[in-house]
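In: Give the three-dimensional model of this entry:
(chains A and B)
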Number of protein chains: 2
Amino acid sequence: MREFPEDDIAPLATGAWVLGTGGGGSPYHGFLNLRKLYRQGHRVNVIGAEELDDDAMVAVVSNMGAPVVGLERIADPATQVGAIRMMERFLGRRFDAIMALEIGGGNALQPFTAAALMDLPVIDADSMGRAFPEAQMTSFSVGKLQMFPLTLQDIRDNAVIVERAASWKWMERLSRKACVEVGSIAATCKAPRSGAEVKTWGIRGTVAKAVRIGRAIAAARAAHEDPVAAVVEQENGLLMFTGRVWDVERNTTEGFLRGRVELEGLQGDKGRRLSVDFQNEYTLATCDGTPLVSVPDLICLLDSVSGEAIGTEMLRYGQRVSLIALPAPPVFTSPDGLACVGPRCFGHDMDFISVFA
Amino acid sequence: MREFPEDDIAPLATGAWVLGTGGGGSPYHGFLNLRKLYRQGHRVNVIGAEELDDDAMVAVVSNMGAPVVGLERIADPATQVGAIRMMERFLGRRFDAIMALEIGGGNALQPFTAAALMDLPVIDADSMGRAFPEAQMTSFSVGKLQMFPLTLQDIRDNAVIVERAASWKWMERLSRKACVEVGSIAATCKAPRSGAEVKTWGIRGTVAKAVRIGRAIAAARAAHEDPVAAVVEQENGLLMFTGRVWDVERNTTEGFLRGRVELEGLQGDKGRRLSVDFQNEYTLATCDGTPLVSVPDLICLLDSVSGEAIGTEMLRYGQRVSLIALPAPPVFTSPDGLACVGPRCFGHDMDFISVFA
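Out: Next up, the predicted model:
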């Protein structure tokens, strides 16, 4: 167990943003909330999954919703605490630790602000290694672990428990409808996990990874070096394309942000054009109809100058962007993993071929 | 406490159908289910609200959904038992009795089939005295009683608990969305009520009333007399219009059946035309733009020959119908009652004037 340093809050937010834009809104909201809590004297301890007792009970948390809403409305950490306490009441047992459902986007910070208020440790792990838009797209789902119960709390004191769901997809459908109804944003506490389950199926070290990426970007900026290259080097990624946004098609429907961005090449990519499809997260980049990189490999669009990630809801005409690919967690490239998060899960009729193969 | 006679099952279904078409589907499904349970040896006892201990705990049940779906799919009583057991697990306490949310439509039978399987008595009372389409349109809501928790169970083993809701309207919105998502039909167990609450706010004697109406119709048919007149006389109602359906406009949206039926007069009403608006239930009858009768007075369309009620989802061109009005339970004609179920709650911008005033 180690105390999470205040100086790592900003890098965690920057790195989480690179790893996904997620349903949890901007990690900078979490950054503001967590910094405020630190300044009020709260502290958060981080522990490795290996430090958990096998029968420890872990809260898996996330702010669920449409990215646009998450960006516009700063989350109140009390809402997340409410969802966790509701689960504790329902189970009749207290949690021993909290972890993020997804390390990508604002949800990376979500366990931290709750943990600060509840005096519980945060686990250096998540269940996506990035962000994915749907509840069943997790390593726990790949492991076929039980997906219920789930608790959901909004800012108005609406509180819903999904006691059982017939499948992961049904859990997604039921919780998504409740979430959309309360304004496309709600704090959720997913099915509780034992320490043993987190050790077997959690994706480990992802808090440290996000901090590492955030620090690399900050260091490159400070040294007037290329932050995009710094991320690629740091995480063994690949720079796939450098260009400019020339068109964006975007719809917020059913609690998701869906659409496509068109890029035209600059520098070495001059003359090439790239299309990138998204459902909250970037899911497939194609060049002249040929797939270039797809889920579960991680597709990140970074501002070519600042290295700042550009979420699907922040795309605008004229932005200069670099598209990089980062390797998928191995759990997702297995047949069971691809059945959960492969290209077909996002409507792309193609097999997954990793750019890292 | 008295045993509900097998011979009263059919009159209960016929009478419940007159009192409302409800969200619970056809009462004849419940009739078939209950008759089967009786033939298997199950029996149901009925008790008056006054027989309840003040601290007894009462399950208020209903099949929630769109009428069309309720008509097409016969309900499995096990689903309703599931919702009641879920509430018992959640509260950590067993129920002492079961009552119907609404005596109108299939939901009149819903507590009976569950009670037969659970060996609990059914209370001769409900919270609508008829059927209303929305969860907050109850005498308990007029009494400003707590509206949560609620449990909801579908046929696939999806199980949702609304632990808290910010208002009655929020309870309706959250439970309706879950209901629509699982196919616009689900068994629900509403907020549990104490014996004291049922005695103060329950609408008493409505099971007996439905049986009485059903028996009157059967007796008139057997004697080749006018069953419509028999209902009107039995319940101090008013025959408002006799005519024929010449147009129906109908949409199933958001879990409701909304629309309007146009009638042209026959016999004494020849030359008159009547419009009747509905949202699952008939809400307002107008003649040449002038309101004739509106909620909370009960508007029933009966087949002019058989006296059988015609639900909003069964209207067809050419049907010969009699429109009768029955008095509203007094709890709904108070200012608090009209705020819950008055014409404005159904989108009609007018004050309520009872045809029985």
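
In: Can you give me the buried ones in stretch A:321-339?
Out: For stretch A:321-339, burial by neighbour count (16 or more other CB atoms under 10 Å in any protein chain shown) applies to A:321-329, A:331-333, A:337-338. The way it works is simple: take the backbone N, C-alpha and C, and place the C-beta from them, glycine included.

In: Over to stretch A:92-100?
Out: Taking 16+ other CB under 10 Å as the basis for neighbour counts, the residues of stretch A:92-100 that come out buried are A:95, A:96, A:97, A:98, A:99, A:100.

In: The third one contacts residue A:123, doesn't it?
Out: By that I understand residue A:97. Yes. Counting by CB atoms under 8 Å, residue A:123 is a contact partner of residue A:97 at 5.3 Å.

In: Next to chain B in this structure, residues from chain A, please.
Out: Residues of chain A found near chain B, taking CB under 8 Å from any CB of the partner chain as the criterion, are A:86, A:90, A:151, A:156-166, A:170, A:173-174, A:177-178, A:180-182.

In: Show only the entries of those found in strands.
Out: Here DSSP state E is the test, and the residues of chain A next to chain B give A:151, A:159, A:160, A:161, A:162, A:163, A:164 as lying in strands.

In: Name the member of those with the most neighbours.
Out: Of all those, residue A:160 has the most neighbours under the rule other CB atoms under 10 Å in any protein chain shown, reaching 34 neighbours.

In: Specify the beta-bridge partners of that one.
Out: When bridges are called by DSSP bridges, residue A:160 pairs up with residue A:152, residue B:162.

In: Using CSV, write down the CA coordinates of the longest helix along chain A.
Out: Secondary structure of chain A read by DSSP state H shows that its longest helix is helix A:206-222. Once non-C-alpha atoms are left out, helix A:206-222 reads as follows in CSV (Å, rounded to 0.1, in the frame of the first residue of the first chain):
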residue,chain,number,x,y,z
THR,A,206,-3.3,0.4,-15.3
VAL,A,207,-3.4,3.2,-12.8
ALA,A,208,0.4,3.3,-12.9
LYS,A,209,0.2,3.1,-16.7
ALA,A,210,-2.0,6.1,-17.0
VAL,A,211,0.2,8.1,-14.6
ARG,A,212,3.3,7.0,-16.7
ILE,A,213,1.7,8.3,-19.9
GLY,A,214,0.6,11.5,-18.3
ARG,A,215,4.1,12.1,-16.9
ALA,A,216,5.7,11.3,-20.4
ILE,A,217,3.5,14.0,-22.0
ALA,A,218,4.3,16.5,-19.3
ALA,A,219,8.0,15.8,-19.5
ALA,A,220,8.0,16.1,-23.3
ARG,A,221,6.1,19.4,-23.2
ALA,A,222,8.5,20.8,-20.6
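
In: Report all helices and strands that whichever helix or strand comes after it contacts.
Out: Where DSSP states H and E defines the elements, the next helix or strand beyond helix A:206-222 is helix A:227-234. On a contact count with 3 or more CB pairs under 8 Å, 6 or more residues apart in numbering or on different chains; DSSP states H and E, helix A:227-234 meets helix A:206-222, strand A:238-253, strand A:298-303, strand A:320-326.

In: switch the cut-off to 10 Å
Out: In terms of contact count using 3 or more CB pairs under 10 Å, 6 or more residues apart in numbering or on different chains; DSSP states H and E, helix A:227-234 is assigned the packing partners helix A:9-19, helix A:206-222, strand A:238-253, strand A:298-303, strand A:320-326.

In: and which of the ones in strands among the residues of chain A next to chain B is nearest residue B:248?
Out: residue A:160 (36.4 Å; CB to CB).

In: How much space separates that closest one from residue B:170?
Out: From residue A:160 over to residue B:170 the distance is 10 Å, taken as CB to CB, to the nearest Å.

In: Now do the shared contacts for the two.
Out: With contacts defined as CB atoms under 10 Å, 6 or more residues apart in numbering or on different chains, the residues shared by residue A:160 and residue B:170 are A:154, A:181, A:182, B:148, B:162, B:164.

In: Contacts only, for the closest residue to the last one other than its chain neighbours.
Out: Leaving aside its sequence neighbours, residue B:164 sits nearest to residue A:159 (CB to CB, 6 or more residues apart in numbering or on different chains; 4.0 Å). The neighbourhood of residue A:159, defined by CB under 10 Å, 6+ apart, consists of A:82-83, A:85-86, A:89, A:151-153, A:178, A:186, B:148-149, B:161-166, B:174.

In: Now stretch A:96-106 - C-alpha only, PDB.
Out: What follows is the C-alpha trace of stretch A:96-106 in PDB, where atoms were taken according to Å, rounded to 0.1, in the frame of the first residue of the first chain:
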ATOM      1  CA  ASP A  96     -12.500  -3.500   1.400                       C
ATOM      2  CA  ALA A  97     -11.300  -1.600  -1.700                       C
ATOM      3  CA  ILE A  98     -12.400   0.200  -4.800                       C
ATOM      4  CA  MET A  99     -11.300  -0.100  -8.400                       C
ATOM      5  CA  ALA A 100     -12.200   1.500 -11.700                       C
ATOM      6  CA  LEU A 101     -14.300  -0.300 -14.200                       C
ATOM      7  CA  GLU A 102     -12.200   1.500 -16.900                       C
ATOM      8  CA  ILE A 103      -9.000   3.400 -16.700                       C
ATOM      9  CA  GLY A 104      -9.800   5.400 -19.800                       C
ATOM     10  CA  GLY A 105     -11.400   8.800 -19.400                       C
ATOM     11  CA  GLY A 106     -13.000  10.300 -16.300                       C
END
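
In: in the stretch 1-150 of chain A, which ranges drop under the pLDDT threshold?
Out: Residue ranges of the stretch 1-150 of chain A with pLDDT under 70: A:22-23.

In: how about the helices in it?
Out: Along the stretch 1-150 of chain A, the segments classed as helices by DSSP state H, counting those that start in this stretch run A:9-19, A:27-39, A:67-72, A:77-91, A:110-118, A:139-142.

In: Let me have those helices in CSV, extended by mean neighbour count and distance to residue B:203.
Out: Listed next are the helices of the stretch 1-150 of chain A as CSV, based on neighbours: other CB atoms under 10 Å in any protein chain shown; distance: least, CB to CB, whole Å:
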stretch, mean neighbour count, distance to residue B:203
helix A:9-19, 27, 55
helix A:27-39, 20, 49
helix A:67-72, 22, 41
helix A:77-91, 21, 33
helix A:110-118, 27, 45
helix A:139-142, 24, 47
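
In: which one of those helices lies closest to residue B:277?
Out: With distances scored as CB to CB, the stretch of those nearest to residue B:277 is helix A:67-72 (34.9 Å).

In: Give me the local confidence score for the residue lying closest to residue A:135 once chain neighbours are set aside.
Out: Closest residue to residue A:135 apart from its sequence neighbours, by CB to CB, 6+ apart: residue A:172 at 4.1 Å. For residue A:172, the pLDDT comes out at 90.

In: Distance check, residue A:172 against chain B.
Out: From residue A:172 over to chain B the distance is 10 Å, taken as CB to the nearest CB, to the nearest Å.

In: is it true that that residue touches residue A:166?
Out: No. Under the criterion of CB atoms under 10 Å, residue A:172 makes no contact with residue A:166, lying 11.4 Å away.

In: Find the residues that touch each one of those two.
Out: Both residue A:172 and residue A:166 are contacted by residue A:147, under the criterion CB under 10 Å, 6+ apart.

In: The two: which is more packed in?
Out: With neighbours defined as other CB under 10 Å, residue A:172 and residue A:166 compare such that residue A:172 has more, 21 against 18.
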